[in-house]
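[1] Sequence plus predicted model, see below.
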Amino acid sequence: MREQSHSFILDRAEFVSSAPLDRPVQQPFDSLPDFADRPTARDGPRPEQKLIWVSLMIAAAMALILWPSASLSYARRGLWVLFLVVSVIRAIAVFLSTTPPQTILSRRNRGRLPIYSIIVPLYKEANMVKQMVQNLQALNYPKKALDVIFAIEADDSQTLHALTRQRLPGWMRIIIAPPGSPQTKPRACNVALDQAVGSLVVIFDAEDRPHPDQLMEAANRFMAADEQLACLQAPLRILPGKGFWCRQFALEYAAHFETFLPALAKVGSAVPLGGTSNHLRVEALRQLGGWDPYNVTEDADLGFRLASAGFRTEMLTLPTWETPTARFSVWLPQRSRWLKGYMQTLIVWTKCHSRLSIANQASLWLTLGVSVLSALIHGPIALLLLVQSILAVCGWGPFISATGLVLVATAWTSAILSMTVGAKRAGIDLRASDLALAVIYWPLATLAAGRAVYQLLFKPYYWDKTPHKPEPLRTAP
């Protein structure tokens, strides 16, 4: 492994090479610490976890058979209470997540900036290479202090050829991950981490356009903070586009990255990281053993591993822009992978719950747990309310109760508040039609949840690749 440099210098350009490796590098973790008890999604649920889940399902089925009316009544009340609690918490998060003042970027300190490693995992994304290289070249960070690593797979000759045709500058290099399983993004990132020379590292995806000053803000924040600040997450912003999927996806990101995650960071709780633009201290990341290559949302898992080790995560102010998901055929596998990864992370951290404080356990369930549960039940609840309303209008049954209407209104108000504030901070031109159409968008997550459960059982480490197309993105609202 290359010797890591922690000194704040700018006069070393020889640590990178534009020439691709002619052979695969070593397997990940060969030179990283070996943690025998490192939590990983590879092991799956423990026997006692399986027993508890099977017992609960059998008990629920028997209750429905023996006492159908009472069981449904209690289930409905429990769901209403859950909706109410989550709605109130999300509303509180909006008020907690006041936007902090932007960090002043001191140009006088540029001569003492740390070397920054940028890992860009690519797989079958030859069409995105030119745009990605241009976006990296636009970063306002001294190029001699940059160590850009394109991590590609051994069977991806098209992306390799696209990279070599770009005539990469000396501060960009290519690393080829060795053939092996699982073939996932976190595994490729671990290979690159083993070769990184910076004291700071950030992950960018092929479609990302980070704000040109984002690295400067992160470096200044790290330099001014103690060593316990191990991660800075940049807000991810989706340009809304014109279609239903683009706009709903953008609003969902805005609510998540502009209100909920900043609130978690502000109260010092664990933050489930986004899949990109998380800036990390290399020493802390290597201490944790890198990313879990068996978890398909290695980012969310890493957020809780950082918290379990006593590290702190905060939010940046300068964002990364991404291209929107424009079609259902692209949205469904991507959302399924996220939900499957959330399930994997929940399994890991319910086994290792003693490593998390009570506050961080609450964060685990209020973020990943609620996301999985709401995805599983949103569709059935929406269908039930629709059928009940139609029957009531036709005079064939009672309408939804007053209590149910109040709870639905509370949940809806909380969602509108979160999306409205998030959209304003993200620079999205919010429309009334966007808020109205959200009631159609949310229940569709149940389709993704069903697919995620199937894959968790039969293809737990399969990585649903999200295709992207290059397109011009604005860099400021």
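    Yes, it's here. Numbering: from 1, shown residues only.

[2] got the phi/psi numbers for the nearest residue to Glu207 once chain neighbours are set aside?
    Closest residue to Glu207 in three dimensions, ignoring its sequence neighbours and counting by CB to CB, 6 or more residues apart in numbering: His468, at 4.3 Å. (Glycine included, C-beta is placed from N, CA and C.) Main-chain torsions, His468, degrees, to the nearest 10: phi -130, psi 160.

[3] Quick check: His468 vs Ala206, distance?
    6 Å (CB to CB, to the nearest Å).

[4] Report all helices and strands that the helix ranked longest in the chain contacts.
    The residue-count maximum for a helix in the chain (DSSP state H) belongs to helix 68-96. Helices and strands in packing contact with helix 68-96 are listed as helix 47-66, helix 261-266, helix 370-393, helix 402-426; criterion 3 or more CB pairs under 8 Å, 6 or more residues apart in numbering; DSSP states H and E.

[5] Could you tell me which other helices and strands the third one packs against?
    This points to helix 370-393. Helices and strands touching helix 370-393, by 3+ CB pairs under 8 Å, 6+ apart, are helix 68-96, helix 328-351, helix 445-458.

[6] what about it, average pLDDT?
    The pLDDT scores in helix 370-393 average 85.

[7] With the last one instead?
    Over the span of helix 402-426, the pLDDT mean works out to 86.

[8] Give me the residues contacting it.
    80, 83-84, 86-88, 90-91, 93-94, 97, 99, 235, 237, 250-251, 253-260, 319, 385, 400, 429-430, 434-435, 438-439, 477 (CB atoms under 8 Å, 6 or more residues apart in numbering).

[9] Ile176: which element?
    In this assignment (DSSP states H and E), Ile176 forms part of strand 172-177.

[10] Alpha carbons only: can I get whichever helix or strand comes after that strand in CSV?
    As assigned by DSSP H and E, the chain's next helix or strand after strand 172-177 is helix 185-195. Taking Å, rounded to 0.1, in the frame of the first residue of the first chain, the C-alpha atoms of helix 185-195 are listed here in CSV:
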residue,chain,number,x,y,z
LYS,A,185,-19.3,-0.2,-5.9
PRO,A,186,-18.0,-0.4,-2.3
ARG,A,187,-15.6,-3.2,-3.3
ALA,A,188,-14.2,-1.0,-6.0
CYS,A,189,-13.9,1.9,-3.6
ASN,A,190,-12.0,-0.3,-1.2
VAL,A,191,-9.5,-1.1,-3.9
ALA,A,192,-9.0,2.6,-4.6
LEU,A,193,-8.8,3.4,-0.9
ASP,A,194,-5.9,1.0,-0.6
GLN,A,195,-4.0,3.1,-3.1
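
[11] buried stuff in helix 185-195?
    By neighbour count with 16 or more other CB atoms under 10 Å, helix 185-195 contains the buried residues 185-195.

[12] ok, back up a step: between the longest helix of the chain and helix 370-393, how many degrees?
    Per axes from the mean of the first three to the mean of the last three CA atoms, to 10 degrees, the angle that helix 68-96 makes with helix 370-393 is 120 degrees.

[13] what does the next helix or strand after helix 68-96 rub up against?
    Sequence-wise, the next helix or strand downstream of helix 68-96 (DSSP H and E) is strand 116-121. Outside of strand 116-121, the residues that reach it under the criterion CB under 8 Å, 6+ apart are 132, 136, 141, 145-152, 185, 188-189, 192-193, 196-198, 200-206, 215, 219, 282.

[14] PyMOL command to pick out the buried ones of the contacts of helix 402-426?
    If you want just the buried ones from those in PyMOL, going by 16+ other CB under 10 Å, the selection is:
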select buried, resi 80+83+86+87+90+91+93+94+97+235+237+250+251+253+254+255+256+257+258+259+260+319+430+434+435+438
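
[15] what about the stretch 251-400 of the chain, any weak spots by pLDDT?
    Using pLDDT under 70 as the threshold, the predicted model of the stretch 251-400 of the chain has low-confidence ranges 397.

[16] Contact partners for the closest residue in space to Ala284 that isn't next to it in sequence?
    The shortest distance from Ala284 to any residue that is not its chain neighbour, by CB to CB, 6+ apart, is 3.9 Å, and that residue is Ala230. With contact taken as CB under 8 Å, 6+ apart, Ala230 is in contact with 280-281, 284-285, 306, 311-313.

[17] let's see 7 Å
    Ala230 makes contacts with 280-281, 284, 306, 311-312, as judged by CB atoms under 7 Å, 6 or more residues apart in numbering.
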